[in-house]
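Q: what's the 3D shape of this:
(one chain, ligands or ions: 1)
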Amino acid sequence: MQRVFSGIQPSGVPTLGNYLGAIRNWVPMQDQHESLFCIVDMHAITVFQEPAQLLAQTREMAATLLACGLSPEKCILFVQSHVPAHAELAWIFNCVARMGWLNRMTQFKDKAGKDREAASAGLYVYPNLMAADILAYKATSVPVGDDQKQHLELANDIAQKFNHDYQADFFPRIEPHILGVAARVMSLRDGTKKMSKSDASDQSRINLNDDADTIRNKIKRAKTDTEPLPDNMLGFEGRPEARNLVGILAAITGETQEGVLRAHGGKGFGPFKEVLADALIAHLEPIRTEMLRLLEDAPALDAALRRGAEQADAIAGPIVTEVKRIVGFLPRK
Ligand code: TYM
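A: Coordinates of the predicted model:
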């Protein structure tokens, strides 16, 4: 049986991109496999987070994931900083990964921007912690959006180099699961940039806690061009915003993009946006209502996360103890 692992940063409210690219695909996996889903607060602080906000966002993330359909009865849902194995294995991986590998990471280049000297060292070694997240459980199946592909390739490089350097057939190969038409949902303000919870403009994204009016307004104001919608996929050439909005409707309704174009090709964006906003509101409103309900009982949320951490610890603890033995650390007892 495969073990599934994935993570999400509590660096803001989860967006439609997180939902369509990742969370929605996690839900059916918990019925088929042993699955761990982790709120990665240690990754979040690679970029400064206000402490009170980080704490609130961590609970909000837990409530949202539960509202989207994850169940503590079926999967292990927990907070990264609650399980010491992540930080311990990440340190060992800092010593396995090569500077040259990290220098090639496009996400670091994007996030650090022009002033790389000012980026945190944590941001630079971010992918090593991500490799530790997965490999501390010897997980083999990792459902993520398209933007995480390069990080997972690096995780495999780390696992292989560890196995080779220590002459141990220890870590398994990781398979990325990049699913569906919406593996890359783009910004509503710029069809060439991914939708992100940390984008400065709230208008660029749909947050899973946006109410119906906010969703309708954001879709109404979403950037488009002046042409009507194309009637086939070739017509998306040079029109990233049109492609993105059609992709979102397809993902949310379970239609193919071709099907959406058959129904709406030749129409102006005005009426199409009405249909899109209605579909989004119908889909997201129940999630928002459930999330708000769950947030009213913080102690229950915290208790669920604590149980998740205990279960995660029970798997990762012995694996990391074995890694330490392989590396040659003197056992404590
Ligand atoms: P984060 O929080 O940035 O994103 C969480 C998940 O959402 C996906 N995603 C998107 N998918 C489609 N369109 C978008 N616009 C979009 N934006 C985000 C991401 O691909 C991701 O699957 N590094 C990870 C967190 C992580 C992790 C891990 C994932 C830490 N450790 C171990 C897997 C395994 C991240 O960036 O999360």
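Q: residue ranges with poor pLDDT in the chain?
A: 180-181 (pLDDT under 70).
Q: Next up, the contacts around the closest residue to the ligand within the stretch 1-150 of the chain.
A: As assessed by C-beta to the nearest ligand atom, the ligand sits closest to residue 21 within the stretch 1-150 of the chain, at 2.0 Å. (Glycine included, C-beta is placed from N, CA and C.) Residue 21 makes contact with 144-147, 180, 182-185 under the criterion C-beta atoms under 8 Å, 6 or more residues apart in numbering.
Q: do residue 309 as well
A: Counting by C-beta under 8 Å, 6+ apart, residue 309 has contacts 78-79, 82-83.
Q: Farthest-apart pair in those, please.
A: Taking C-beta to C-beta, the two most distant members of those are 79 and 83; they sit 7.9 Å apart.
Q: And these two? Which one has more around it.
A: Taking other C-beta atoms under 10 Å, residue 79 and residue 83 do not tie; residue 83 has more neighbours (26 against 22).
Q: how about the residues of this protein that lie near the ligand?
A: Residues of the chain found near the ligand (C-beta under 6 Å from any ligand atom) are 5-9, 17-18, 21-22, 40, 43, 130, 133-134, 142, 144-145, 147-148, 183-185, 194-196.
Q: Could you find the closest non-adjacent residue to residue 232?
A: Leaving aside its sequence neighbours, residue 232 sits nearest to residue 261 (C-beta to C-beta, 6 or more residues apart in numbering; 6.1 Å).
Q: and the helix or strand harbouring that neighbour, how far from the chain's centre?
A: Using DSSP states H and E, residue 261 sits within helix 257-264. The chain centre lies 28 Å from the centre of helix 257-264; the measure is C-alpha atoms, centre = their mean, to the nearest Å.
Q: Which is the succeeding secondary structure element to that helix?
A: helix 269-295.
Q: just checking, what packs against that following helix?
A: helix 51-67, helix 212-221, helix 240-253, helix 298-327 (3 or more C-beta pairs under 8 Å, 6 or more residues apart in numbering; DSSP states H and E).
Q: Next, give phi and psi for residue 232.
A: phi -150, psi 170 (degrees, to the nearest 10).
Q: Now do the contacts for it.
A: Residues near residue 232 by C-beta under 8 Å, 6+ apart: 258, 261, 265.
Q: what would these look like in JSON lines with neighbour count and distance to residue 277?
A: Listed next are the contacts of residue 232 as JSON lines, based on neighbours: other C-beta atoms under 10 Å; distance: C-beta to C-beta, whole Å:
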{"residue": "258", "neighbour count": "14", "distance to residue 277": "22"}
{"residue": "261", "neighbour count": "21", "distance to residue 277": "18"}
{"residue": "265", "neighbour count": "16", "distance to residue 277": "19"}
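Q: Of the contacts of residue 21, grab the buried ones for ChimeraX.
A: Here is the ChimeraX command that selects only those of the contacts of residue 21 that count as buried (16 or more other C-beta atoms under 10 Å):
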select :144,145,147,182,183,184,185
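Q: Grab the two from the contacts of residue 21 that are most spread out in space.
A: 147 and 180, at 14.1 Å, using C-beta to C-beta across these.
Q: and residue 148, helix, strand or coil?
A: Secondary structure, DSSP: H, G, I helix; E, B strand; the rest coil: residue 148 is helix.
Q: In contact with it, which residues are there?
A: 142, 176, 178.
Q: could you dump those residues to CSV with secondary structure and neighbour count?
A: Compiled in CSV, these are given as follows (DSSP: H, G, I helix; E, B strand; the rest coil; neighbours: other C-beta atoms under 10 Å):
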residue, secondary structure, neighbour count
142, strand, 22
176, strand, 18
178, strand, 18
